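Undergrad: Pasting a predicted model and its sequence here:
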Amino acid sequence: MKHLLLILICIPIYSLSNVDNEYFHPAASAFIQGDIHTASNKITEGLVEYPDNPKLRRLEKLLEQNEQDQQNEQDQ
């Protein structure tokens, strides 16, 4: 019974680190380096698998805000 409880506790922790390593960190790194296309693709891929992930959602909002800011600069 203790092993089952330990497994059930570890699965969400592993999932969180998995989403961070596969999607969030590469997307954030690409965003910082100015590679908006790659960042957007990684965020989209991650949200398909983890639609409620708060880190990916925040990064998505930041990317949208950045795109709006760039659009506003071009309009001026």
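TA: Everything's here; your move. Residues are numbered from 1 along each chain as shown.
Undergrad: Quick one: residues contacting Gln71.
TA: Applying Cβ atoms under 8 Å, 6 or more residues apart in numbering, we find Gln71 in contact with no residue. Where C-beta positions appear, they are placed from N, C-alpha and C, glycine not excepted.
Undergrad: And for Asn66?
TA: Asn66 neighbours (Cβ under 8 Å, 6+ apart): 31, 36.
Undergrad: Mind telling me what element it is part of?
TA: According to DSSP states H and E, Asn66 maps onto helix 54-75.
Undergrad: Distance from the chain centre to that helix, please.
TA: Helix 54-75 has its C-alpha centroid displaced from the chain centroid by 13 Å (Cα atoms, centre = their mean, to the nearest Å).
Undergrad: Which parts of that helix count as buried, going by neighbours?
TA: Within helix 54-75, the residues that count as buried by 16 or more other Cβ atoms under 10 Å are 55-56, 59-60, 63.
Undergrad: Let me have the residues you listed in JSON lines, extended by pLDDT and distance to Asp75.
TA: Shown next, in JSON lines, are the buried residues of helix 54-75 (pLDDT from 0 to 100; distance: Cβ to Cβ, whole Å):
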{"residue": "Lys55", "pLDDT": "90", "distance to Asp75": "31"}
{"residue": "Leu56", "pLDDT": "92", "distance to Asp75": "29"}
{"residue": "Leu59", "pLDDT": "93", "distance to Asp75": "25"}
{"residue": "Glu60", "pLDDT": "94", "distance to Asp75": "23"}
{"residue": "Leu63", "pLDDT": "91", "distance to Asp75": "19"}
